[in-house]
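> no FASTA, just this:
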Ligand code: F6R
């Protein structure tokens, strides 16, 4: 375990060979570009009384989960994720199915694309190409084209905005176009605060140092629940370490007990993702839970979203987690970009 690596831009770039950090810092432009791409796709607004299903995996699915929470009580119909090979059994032809796969070659998403077609549901595809784009073109299914050159997980701004805009187009939620624009401007400021050129004691760098050498347990609730999951997956893929996510209040009914054995088994840390709009009892639970597990944890952290509107606050914590995951990779001296085990698994499956 490295303790000497610093987190200057030079140190980051020497380990982050493909400059994933730049893709993360590019979030403001990506949010705006995503709006433009959906608009340019000229999709017809339509009414989907059955709501919206976002089909996708990993980095392509997270946008749907984030979009649902960005909308909050501005969602007027169910927005559900299909992370797997099948549509939910209750899906009907009046459900809209957004098939999101950055590569366009994810077999689970391709299977749901087929299933939605067989059901007669309206399909929309978002991808850079692959088999999904090919199938959609052959069947006149609208495609929102994503820009190439990203790791799928680094295209989160695109997957979020596409899901939000499609939710609006199919009548599942209010349009958050203006809110996304405000969020993009806000993220520009946050990048200065937490990015690689910020001081060594900036929040993101401090957090990475605190989590380094520990197994983080990231907790969220409501708006911050899918962000906790995003932190987990970014730490898994970028820093190549185990990390787990859970939700409040549920974790107060089980996981909290497990902390008693934590210090005997390893170094576990806890991160609580807070938001000013969480239920007051959840905010109280964060403080109480933190106090009760503190003695058994290698560290506990409470971080709060920043910004006015829900989308701003959501993306502030997504950005923080993304940066922390890169800084953790640097502290561990591992290149954040390659995901060799995922690739090996996909190749083994492709061989049949
Ligand atoms: C890789 C990543 C993965 C992929 C997932 C699905 O950066 O984040 O979680 O997103 O394996 O692949 P796509 O997005 O191409 O459908």
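That came through fine. For clarity, every value in this text was computed on a predicted model and none was experimentally measured.
> Just the pLDDT for the residue nearest to residue 277 when sequence neighbours are not counted.
Spatially, and ignoring its direct neighbours in sequence, residue 277 is nearest to residue 223 (6.5 Å; C-beta to C-beta, 6 or more residues apart in numbering). C-beta here means a position set from N, CA and C on the backbone, and glycine is covered the same way. Residue 223 carries a pLDDT score of 98 in this model.
> again with residue 5
At residue 5, the model reports a pLDDT of 78.
> Pull the number of nearby residues for residue 22.
Residue 22 has 12 neighbouring residues, counting by other C-beta atoms under 10 Å.
> what does residue 6 give?
11.
> and the residue nearest to residue 277, what does it touch?
Each residue near residue 223 by C-beta atoms under 8 Å, 6 or more residues apart in numbering is listed here: 69, 70, 72, 275, 277, 278, 305, 310, 313, 314.
> Max pairwise distance over those: which two?
Maximum pairwise distance among those (C-beta to C-beta): 14.6 Å, between 70 and 278.
> more neighbours, the two?
Using other C-beta under 10 Å, the more surrounded residue of residue 70 and residue 278 is residue 70, with 29 against 21.
> How far off centre is the helix or strand harbouring that one?
In this assignment (DSSP states H and E), residue 70 forms part of helix 58-71. When distances are taken as C-alpha atoms, centre = their mean, to the nearest Å, helix 58-71 is centred 6 Å away from the chain's centroid.
> Now look at the helix or strand that it is followed by and say if it contacts the ligand.
Moving toward the C-terminus from helix 58-71, the next helix or strand (DSSP H and E) is strand 79-82. No - against the ligand, strand 79-82 shows no contacts by C-beta under 6 Å from any ligand atom, the least distance being 12.7 Å.
> Remind me what the next helix or strand after strand 79-82 packs against, helices and strands.
Following strand 79-82 in sequence order, the next helix or strand is strand 96-101 (DSSP H and E). Contacts defined by 3 or more C-beta pairs under 8 Å, 6 or more residues apart in numbering; DSSP states H and E place strand 96-101 against strand 52-55, helix 58-71, helix 107-119, strand 122-127, helix 130-138, helix 156-169.
> how about strand 96-101, does it get close to the ligand?
Yes - interface with the ligand: strand 96-101 contributes residue 101 (C-beta under 6 Å from any ligand atom).
> Only the buried residues of that strand, if you could.
For strand 96-101, the neighbour count (16 or more other C-beta atoms under 10 Å) marks 96, 97, 98, 99, 100, 101 as buried.
> Is residue 269 located within a strand, as I assumed?
Yes - according to DSSP: H, G, I helix; E, B strand; the rest coil, residue 269 belongs to a strand.
> which residues touch it?
So residue 269 contacts 210, 211, 214, 215, 216, 217, 297, 298, 299, 300, 301 (C-beta under 8 Å, 6+ apart).
> Please apply the same query to residue 51.
So residue 51 contacts 77, 78, 79, 80, 95, 96, 170, 172 (C-beta under 8 Å, 6+ apart).
> what sits up against the helix or strand hosting residue 282?
Residue 282 belongs to helix 280-293 when assigned by DSSP H and E. Contact with helix 280-293 is made by 219, 221-222, 248-249, 251-252, 256, 259, 262, 270, 272, 274, 300, 302, as judged by C-beta under 8 Å, 6+ apart.
> which strands and helices sit next to the next helix-or-strand element following it?
Next along the chain after helix 280-293, taking DSSP H and E as the criterion, comes strand 299-304. Strand 299-304 makes packing contacts with helix 203-211, strand 268-274, helix 280-293 when contacts are defined by 3+ C-beta pairs under 8 Å, 6+ apart.
> For the next helix or strand after strand 299-304, give the mean pLDDT please.
The first helix or strand that comes after strand 299-304 along the chain, using DSSP H and E, is helix 310-332. Mean per-residue pLDDT for helix 310-332: 98.
> Next, see if helix 310-332 gets close to the ligand.
No - if you take C-beta under 6 Å from any ligand atom as the test, helix 310-332 misses the ligand, and the best it gets is 11.5 Å.
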